[in-house]
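> my questions are about this predicted structure, shown below with the sequence.
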Amino acid sequence: MFKDLVSICPRCSGKLIATKLCCNNCELELSGNFNLSKFDYLTEEETQFLESFLSAQGNFSVVQSELDMSYPAVKKRFNDIIEKLGLSSVKPEVREESPNPYAISQPIYETDSLVICKIKEKLNQAGGRAIIPLYSSDPCDITYDSNGKGLVSSKIPFPNQLTWEVFDASLEVLLNNDGRIKKGNARSGAKVGSENLPLNSLEGYLAHRVHGIEIGKTSFGPGFVVAAVLDWAGICNNERGFISIKQSFMDEMKREDS
């Protein structure tokens, strides 16, 4: 009968080691002093937290919702585990910055939509990097992605969240819903298709339509930066909880179509 691994001594609370290993298939036995993995010394509660954190791709808001914990509690638990694993002193790799760490401009193609043209025009004028206002927090930076397929921002830790397809899809869902939609609340841990993250919201639509997130699953929420970019580029109004198409952009679209 298999039992859970015991890694801490019940008498003195010291770390236990394995002195005998057995193969359940051929009955081979090995004796010696075998160190356990540092992850084996985590408590069951810490292991469950780490599994939730990895499943949520590092999204603290999702972990909060799943484990019913406050943000400070989630942050403290995360830091305690990092320290226990001996990772708190790990220093990030220092990379030498090239003279031009980001593209200062990108060509505008005939196949680019009006949305992409507007964003490229304004970012090209800014030399490939701009600091744009967010609705309710500090401004964020945007630059061209090195793969040429969209933008990147230090506010967005995951790749491919600000691709050109994302901005075209944003306009698509706006036009399909009378030009004004909810932003959605993916960062709260809401599930795609739920009341807080409906498919006709900005983040709900992008998660399902662009990133292929299934209904009922959680998703990362880049909508706060997407809405800010569209506002900065003169395409949309970034409102509290909503995003709407600017009338001036609608007029420009009509001129393009005529």
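That came in fine, so what should we check first?

> which residue ranges form the helices in the protein?
Ranges of helices within the chain are 44-55, 60-67, 71-84, 114-125, 164-175, 202-205, 223-232, 247-257, based on DSSP state H.

> name the stretch among these that sits most buried.
Among these, ranked by average contacts under mean count of other C-beta atoms under 10 Å, first place goes to helix 202-205 (a mean of 28). Yep, even glycine has a C-beta here, placed from its N, CA and C like the rest.

> what residues are up against residue 139?
When contacts are counted by C-beta atoms under 8 Å, 6 or more residues apart in numbering, residue 139 touches 131-133.

> dump the residues you listed to TSV, plus distance to residue 155, neighbour count and pLDDT.
Listed next are the contacts of residue 139 as TSV, based on distance: C-beta to C-beta, whole Å; neighbours: other C-beta atoms under 10 Å; pLDDT from 0 to 100:
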residue	distance to residue 155	neighbour count	pLDDT
131	11	11	94
132	10	19	94
133	12	13	92
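
> ok, and the closest non-adjacent residue to residue 176?
Nearest residue to residue 176, sequence neighbours excluded (C-beta to C-beta, 6 or more residues apart in numbering): residue 200, at 7.4 Å.

> that neighbour touches residue 181, doesn't it?
Yes: with contact defined as C-beta atoms under 8 Å, residue 200 reaches residue 181; the gap is 6.1 Å.

> which neighbours do those two share?
With C-beta under 8 Å, 6+ apart, residue 200 and residue 181 have common neighbours residue 173.

> so between these two, which is more surrounded?
Using other C-beta atoms under 10 Å, the more surrounded residue of residue 200 and residue 181 is residue 181, with 24 against 13.

> roughly how far does the more buried one sit from residue 190?
15 Å (C-beta to C-beta, to the nearest Å).

> do the same with residue 146
Distance from residue 146 to residue 190, counting by C-beta to C-beta: 32 Å.

> pick out whichever of the two has more residues nearby.
Legend: neighbour count by other C-beta under 10 Å for residue 146 and residue 190, higher for residue 190 (23 against 10).

> from what I see, the more buried one and residue 197 are in contact.
Yes: with contact defined as C-beta under 8 Å, residue 190 counts as touching residue 197 (4.0 Å).

> what sits in contact with each of the two?
residue 184.

> looking at the contacts of residue 139, which are in strands?
Among those, DSSP state E puts 131-132 in strands.

> could I get the contacts of residue 139 as TSV with distance to residue 46?
Formatted as TSV, the contacts of residue 139 follow (distance: C-beta to C-beta, whole Å):
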residue	distance to residue 46
131	39
132	39
133	39
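
> could you single out the nearest of the contacts of residue 139 to residue 170?
Using C-beta to C-beta, residue 132 comes nearest to residue 170 of the contacts of residue 139, at 15.3 Å.

> in contact with the closest one, which residues?
Contact analysis of residue 132 by C-beta under 8 Å, 6+ apart lists 139-142, 228-229, 231-232.

> 6 Å instead?
If you count contacts by C-beta atoms under 6 Å, 6 or more residues apart in numbering, residue 132 has them with 228, 232.

> what are the bridge partners for it, then?
Per DSSP bridges, the residues bridged to residue 132 are residue 140.

> next, residue 111: phi, psi?
Phi and psi for residue 111, reported as degrees, to the nearest 10, are phi -80, psi -10.

> relative to residue 217, how far out is the residue nearest to residue 176?
To residue 217, residue 200 is 17 Å away according to C-beta to C-beta.
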